[in-house]
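Q: need coordinates for the below:
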Amino acid sequence: MNKISWQSPSNIALVKYWGKHGLQLPSNPSLSFTLQACHTRSELEWENGTGRVELLFEGLQNEKFRLRVNNFIENIRPHFPFLEELDIFFNTTNSFPHSAGIASSASAMSSLALCLCSLEEAVVNRKLPEAEFFRKASCIARLGSGSAARSVYGGWVLWGSAESVAESSDEYAIPLPMAVHECFSRMCDTILIVDESPKAVSSSEGHRLMQSHPFASRRFDQAHEHIDLVLKALAVGDEDSLALITENEALGLHGLMMTANPGYILLKPGTLQIIDKIRRFRAASGMPAFFTLDAGPNVHLIYPERIAEAVQAFIQDELLLYCSRKQRIDDRIGQDPHKTGY
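A: Next comes the predicted model:
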């Protein structure tokens, strides 16, 4: 059989996307940086056939993931009509545990999208220019998971139409087209695992609840404002502003969950203890360490590499107490996805 494989990273958003419309289009722009150690490797094998799709997750059957991928493939068949004449087989493996507070759907769906775009080049014998290839992969990844649109690029990535960035689009993500200050080039992200349980409410349901949320309109306006402020902070090296906006975004995200109808709470007591400790540490030390959260209870502690020794000591001494089995994942800003086999 023929085989293609891609390794694609997860990412952590500092300005959050929450709420969508149409076919997986964001209600507001988002901005993230790509992670290095947390990634998914997907292998795609194919042969002539009748359009059959099979999937293994880390070598095993996984019904929930299989259904999601099958739905994804059905949605993207119009973009890849040749799939009707092939049988395809996926095997995906994560470098990080599921339910760890890391966007596994971002790395998984982006790696699948990259495999499919490479498959298209092989089957139709036409190689796209590099920029066009990754833009298409971002668009396809978005149809599987919104945040996956950002995971086809390394470094700082923007997804969603922002007035201040002419190249931006709701259809696909782009690497930031402007220079980022040197102080933000070597950022670290330590994920503190407060709770390993599956989320009680899925992100898909959370996005759906935004359609009738009483604060939705103001939230979308705020995200545009925050994008502009974060872009300015990244350009001039304003670490204090980046920290404050990022934390506001994280707490605002969970505030939207709590005030939805029905409302729900994903934070745990340990989450709040860690947040309080981080803020006290920053105030006492003057070091630019700050937190963000995805749609779950686990905390991302973000800091520049130059203060890593002090932050690691702080984590060991004061934060691991609130982590499930004292688990944490140490990661950092990473590079582009890469093809691992063809």
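Q: all strands of the stretch 201-342 of the chain, in order?
A: For the stretch 201-342 of the chain, applying DSSP state E, counting those that start in this stretch gives strands covering 290-293, 299-304, 328-332, 338-341.
Q: who does the longest one pair up with?
A: Right, strand 299-304. Next to strand 299-304 in the sheet, as set by DSSP bridges, lie strand 187-192 (antiparallel), strand 290-293 (antiparallel).
Q: contact partners of it?
A: 12, 14, 101, 183-184, 186-192, 194, 239, 246, 271, 274-275, 278, 287-294, 311, 315, 319 (CB atoms under 8 Å, 6 or more residues apart in numbering). The way it works is simple: take the backbone N, C-alpha and C, and place the C-beta from them, glycine included.
Q: turn the buried ones among these into a named ChimeraX selection, would you?
A: Of these, the buried ones go into a single ChimeraX selection, burial set by 16 or more other CB atoms under 10 Å:
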select :12,14,101,183,184,187,188,189,190,191,192,194,239,246,271,274,275,278,287,288,289,290,291,292,293,294,311,315,319
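Q: TSV please, covering the strands paired with strand 299-304 and showing distance to Gln7 and mean pLDDT.
A: What follows is these, written out as TSV (distance: least, CB to CB, whole Å; pLDDT from 0 to 100):
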stretch	distance to Gln7	mean pLDDT
strand 187-192	18	97
strand 290-293	24	98
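Q: okay if I get the ones you listed as TSV plus distance to Glu121?
A: TSV is the format used below for the strands paired with strand 299-304 (distance: least, CB to CB, whole Å):
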stretch	distance to Glu121
strand 187-192	33
strand 290-293	36
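Q: of all these, which lies closest to Ser95?
A: Closest to Ser95 of these, according to CB to CB: strand 187-192, at 12.5 Å.
Q: list the contacts of the nearest residue to Glu239 once chain neighbours are set aside.
A: Distances taken as CB to CB, 6 or more residues apart in numbering place Pro288 nearest to Glu239, at 3.8 Å, with adjacent residues excluded. Neighbour list for Pro288: 239-240, 242-243, 282, 303-304, 307 [criterion: CB under 8 Å, 6+ apart].
Q: closest one of the residues you listed to Lys20?
A: Out of these, the member with the shortest distance to Lys20 (by CB to CB) is Leu242, at 25.4 Å.
Q: the closest one touches Leu231, doesn't it?
A: No. Between Leu242 and Leu231 there is no contact under CB atoms under 8 Å: 10.3 Å.
Q: between the two, which one's more packed in?
A: Neighbour count, other CB atoms under 10 Å: between Leu242 and Leu231, Leu242 has more, with 23 against 20.
Q: if you look at the contacts of Pro288, which of them are in helices?
A: The members of those that map onto helices under DSSP state H are 239-240, 242-243, 282.
Q: residue boundaries of the helices in the stretch 1-150 of the chain?
A: Taking DSSP state H, counting those that start in this stretch as the criterion, the stretch 1-150 of the chain carries its helices at 63-76, 104-124, 130-144.
Q: helices of the stretch 151-300 of the chain, start to end?
A: Counting by DSSP H, counting those that start in this stretch, the helices of the stretch 151-300 of the chain are 203-209, 216-236, 239-258, 269-285.
Q: could you dump these to TSV with mean pLDDT and distance to Lys136?
A: Shown next, in TSV, are the helices of the stretch 151-300 of the chain (pLDDT from 0 to 100; distance: least, CB to CB, whole Å):
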stretch	mean pLDDT	distance to Lys136
helix 203-209	94	24
helix 216-236	98	24
helix 239-258	98	29
helix 269-285	98	38
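Q: mind putting those helices into JSON lines with distance to Asn62?
A: Below are the helices of the stretch 151-300 of the chain laid out as JSON lines (distance: least, CB to CB, whole Å):
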{"stretch": "helix 203-209", "distance to Asn62": "17"}
{"stretch": "helix 216-236", "distance to Asn62": "33"}
{"stretch": "helix 239-258", "distance to Asn62": "26"}
{"stretch": "helix 269-285", "distance to Asn62": "27"}
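Q: how about the ones you listed, which one is nearest Arg135?
A: Taking those one by one with CB to CB, helix 216-236 is closest: 19.9 Å.
Q: quick one: list the elements packing against the closest one.
A: Counting contacts by 3 or more CB pairs under 8 Å, 6 or more residues apart in numbering; DSSP states H and E, helix 216-236 is packed against strand 2-15, strand 30-48, helix 239-258.
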